[in-house]
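> Coordinates only, no sequence provided:
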């Protein structure tokens with residue numbers, strides 16, 4: 001499928017566009033936004049976080065969720081912050097094959113993730129788990145989504161408008 005991102009601009013996305021294109025994502029500038037789509041399978045790709053215009057540290061968890069279902073291997077090296085791989089154990093709970101070695105995570109892509117109960121540890125991790133859950137077979141429940149609410153307003157509504165099967169559950173539900 002494809003998605004249109006109103007107001008998005010290629011020139012604001014730095015290395016993120018280059019890396020996503022290497023992985024098999026087509027990104028096209030339109031007069032009032034970007035069209036993003038995947039035509040074929042994803043291909044493993046390596047990234048190293050760097051200050052802008054390099055690949056942003058705030059995107060590495062989401063990129064790792066993408067690479068978890070890409071063909072082949074990938075490596076994510078975190079050069080900005082320490083302990084930025086808190087989401088790895090939760091992605092692995094869903095069937096990802098990710099091993100952390102110091103500042104790098106080695107990802108061996110799998111054909112599919114499986115839904116599982118997972119726990120968000122921060123804003124970036126929560127989004128990576130939601131993205132992984134959207135690709136997973138079965139149901140994924142992301143706990144502690146209050147992290148998500150600090151950075152993304154009504155995300156579930158926006159994703160649902162793209163035909164994502166997502167809903168917010170009340171505490172204790």
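Yep, that arrived. The shown structure was predicted, so the numbers you read here are calculated from the model rather than taken from an experiment.

> Which of the helices or strands spans the spatially most central residue of the chain?
Within the chain, the residue whose C-alpha comes closest to the C-alpha centroid is residue 62; the distance, by C-alpha atoms, centre = their mean, is 2.1 Å. Counting by DSSP states H and E, the element that carries residue 62 is helix 60-67.

> mind checking the longest helix of the protein?
helix 123-135 (DSSP state H).

> And for that helix, what's in contact with it?
The set of residues that contact helix 123-135 without belonging to it, under C-beta atoms under 8 Å, 6 or more residues apart in numbering, is 58-62, 64-66, 68-69, 84, 86-87, 90-91, 94, 96, 112-113, 115, 118, 120, 140, 142, 144-145, 147-148, 150-152, 155, 159, 164-166. In this view, the C-beta of every residue, glycine as well, is placed from N, C-alpha and C.

> Specify the angle between that helix and helix 60-67 in degrees.
Comparing the axes of helix 123-135 and helix 60-67 via axes from the mean of the first three to the mean of the last three C-alpha atoms, to 10 degrees yields an angle of 20 degrees.

> Any buried residues in helix 123-135, and which?
Using 16 or more other C-beta atoms under 10 Å as the burial criterion, the residues of helix 123-135 that qualify are 123-133.

> do stretch 156-165 as well
Of the residues in stretch 156-165, residue 159 count as buried by neighbour count, 16+ other C-beta under 10 Å.

> Let's see the distance spanning that stretch from one end to the other.
With C-alpha to C-alpha, to the nearest Å as the measure, the first residue of stretch 156-165 is 9 Å from its last.
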